[in-house]
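Novice: heads up, no residue letters with this:
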């Protein structure tokens, strides 16, 4: 009986040691992956900023080209620049309207609907 109790105790200690070792290795893996993911996300953010800057530069060049072509077609500079500003303003307004429509769809409607019956059964 004493030998079997010692064997169980030793087996339990070994199980706990192996479990602890496994958990330490798992946490180290999580830390390494977290660092790698952070570096990847940071690089993606930097590239997104670069893409946005390039897109703005391309848009400005396009608008400048439209203004120059308008002036060459016979319009004066103030009218061409005003036209470019109006064009940009209309595009901005259209995008604002679109974003507002998108924002109406943001929410947790299905979650709230699924929780509604449960909240009605709660005692008050």
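Specialist: Yes, it's here. All figures in this text were calculated on a predicted structure; none of them were measured in a lab.
Novice: list the contacts of residue 114.
Specialist: With contacts taken as CB atoms under 8 Å, 6 or more residues apart in numbering, residue 114 has no neighbouring residues. To be clear about C-beta, it is placed using only N, CA and C from the backbone, and glycine gets the same treatment.
Novice: what pLDDT does it get?
Specialist: Listed pLDDT for residue 114 reads 79.
Novice: begin at 43 from here
Specialist: OK, 43 is where the count begins now, so the last one is residue 156.
Novice: could you say which helix or strand holds it?
Specialist: Using DSSP states H and E, residue 156 falls within helix 151-162.
Novice: may I see the buried residues of that helix?
Specialist: Under the neighbour-count criterion of 16 or more other CB atoms under 10 Å, helix 151-162 has nothing buried.
Novice: quick one: the helices in this protein?
Specialist: 44-114, 119-146, 151-162 (DSSP state H).
Novice: run through this protein and note the low-pLDDT ranges.
Specialist: 43-46, 160-166 (pLDDT under 70).
Novice: how is it partitioned into domains?
Specialist: 43-116, 118-160 (automatic domain parsing).
Novice: list the contacts of residue 123.
Specialist: residue 109.
Novice: with the one 4 residues further on instead?
Specialist: Taking CB under 8 Å, 6+ apart as the criterion, residue 127 is in contact with no other residue.
Novice: switch to 10 Å and redo it
Specialist: 105, 109 (CB atoms under 10 Å, 6 or more residues apart in numbering).
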